[in-house]
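>>> Okay, sequence plus prediction incoming.
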Amino acid sequence: IMLSAFPVTGDEHHTIGKGLVWRDITKEYEVDKLKSDLISMVSHEFKTPITSIKGSVETILRVDAEWDEEFKREMLTGIHEDIDRIQELVNDWLDISRIDAKAISLDREPVRPSTVVDNAIRKLPKHFASGAKIESTVAESLPFIYGDRVRLGQVLSNLLTNAIRYNERSPHIKISATSDDKYIHISVADNGIGINETHLGKVFDRFYCVDTGRERPSGGTGLGLAICKGIIDAHSGSISVESCEGTGSIFTVSIPKYRGNGGKYEKK
Ligand code: ADP
């Protein structure tokens, strides 16, 4: 609550009292809090890749002899990964700002659920997903979703990345889908570390990272699931999680079905 005072004047323009205004500034406070959280995230998370790039460049500048091919490859690969990381942070940051401003624009069309899933699996970086077994039983015959294929792909990629990242065994991920009157429900089930009940309700909050007491797996910003939720909310859908610590988690997204043309869609 913000309190402000103003003088109240009478007929003769004499001050005859004081007026008080109470204003509920929760919303402004929340926006300011978001901004300062984002700023601290940027300064904190950007430091690591920037320091690492700087270190590599300094090493390169010190090497005066001809570059050894292997050394060159190693250095440049490292720099490339650091730049990827910065790019990922910037993209997450932009997405969360758009979601917050309710300015996320969706390009909705009828989309085949199995296409979204298959594309997301295919696009996982090879070096990251190579040890993981990913099985999809999403039938091609399922009704179409009405959604933005790029944004839905982003949600699936995020869920798959988490399923691999928060896993201490060899990751085994099962993707399935069902449909009811209104929605297509897509589930991503993993055999990862799971999430303790006390954290379960908070994982969709921005910047929320479960503190496992261990070194945090690299690459997390705590924005991934908040972005997934923002994208699914914008589709008038929902996202939920069930989990058992030590056994695994199941994330389920429910997205409205395409209802035009009796639910049938022929791609032109
Ligand atoms: P992060 O960038 O930290 O991965 P997310 O918003 O994607 O942020 O996830 C928030 C937190 O939820 C993670 O830090 C992690 O602790 C937990 N989490 C997310 N997905 C899983 C999963 N599949 N298994 C176990 N824990 C998970």
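Here it is on my side, so go on. Numbers count the residues shown, from 1 in each chain.
>>> List the residues that contact the residue nearest the centre of the chain.
Centroid check for the chain by Cα atoms, centre = their mean gives residue 224 as the closest residue, at 2.1 Å. Residue 224 makes contacts with 92, 158, 161, 162, as judged by Cβ atoms under 8 Å, 6 or more residues apart in numbering. For the C-beta atoms, the positions are set from N, CA and C on the backbone; glycine is no exception.
>>> among those, which are in reach of the ligand?
Counting by Cβ under 6 Å from any ligand atom, the subset of those that neighbours the ligand consists of residue 162.
>>> can you put the contacts of residue 224 in CSV and add neighbour count, distance to residue 249 and secondary structure?
Output for those, formatted as CSV (neighbours: other Cβ atoms under 10 Å; distance: Cβ to Cβ, whole Å; DSSP: H, G, I helix; E, B strand; the rest coil):
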residue, neighbour count, distance to residue 249, secondary structure
92, 21, 21, helix
158, 20, 13, helix
161, 18, 13, helix
162, 22, 8, helix
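>>> Among the contacts of residue 224, give me the pair with the biggest separation.
Spanning the widest gap among these are 92 and 162, at 13.4 Å by Cβ to Cβ.
>>> how much space is there between the residue nearest to the centre of the chain and the ligand?
When distance is defined by Cβ to the nearest ligand atom, to the nearest Å, residue 224 is 3 Å away from the ligand.
>>> Ok, residue 202 next?
As judged by Cβ to the nearest ligand atom, residue 202 and the ligand stand 8 Å apart.
>>> isn't there a strand covering that residue?
No. Under DSSP: H, G, I helix; E, B strand; the rest coil, residue 202 falls outside any strand and is assigned coil.
>>> wait, doesn't it sit right on residue 196?
No. In this structure, residue 202 is not within contact of residue 196 by Cβ atoms under 8 Å, at 10.5 Å.
>>> Strands along this protein, start to end?
Applying DSSP state E to the chain gives strands spanning 2-9, 15-23, 109-111, 133-136, 145-147, 172-179, 183-189, 238-244, 248-256.
>>> Now the first one - C-alpha only, PDB.
Provided in PDB are the C-alpha atoms of strand 2-9 (Å, rounded to 0.1, in the frame of the first residue of the first chain):
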ATOM      1  CA  MET A   2       1.300   3.400  -0.900                       C
ATOM      2  CA  LEU A   3       0.000   6.400   1.200                       C
ATOM      3  CA  SER A   4       0.100   9.900  -0.100                       C
ATOM      4  CA  ALA A   5      -1.200  13.100   1.400                       C
ATOM      5  CA  PHE A   6      -2.600  16.300  -0.200                       C
ATOM      6  CA  PRO A   7      -3.800  19.600   1.300                       C
ATOM      7  CA  VAL A   8      -7.600  20.300   1.100                       C
ATOM      8  CA  THR A   9      -8.400  24.000   0.600                       C
END
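>>> For the stretch 1-150 of the chain, which residue gets nearest to the ligand?
residue 92 (8.1 Å; Cβ to the nearest ligand atom).
>>> Give the closest residue to that residue in space, chain neighbours not counted.
Counting by Cβ to Cβ, 6 or more residues apart in numbering, residue 92 lies nearest to residue 223, which is 4.4 Å off, once chain neighbours are set aside.
>>> tell me the contacts of the one you found?
Here residue 223 is in contact with 41, 92, 93, 95, 96, 206, 207 (Cβ under 8 Å, 6+ apart).
>>> Could you pull up the residues touching residue 160?
120, 121, 124, 129, 134, 173, 188.
>>> Give the other helices and strands that the longest helix belonging to the chain contacts.
The single longest helix within the chain, with elements called by DSSP state H, is helix 26-62. The helices and strands touching helix 26-62, judged by 3 or more Cβ pairs under 8 Å, 6 or more residues apart in numbering; DSSP states H and E, are helix 69-100.
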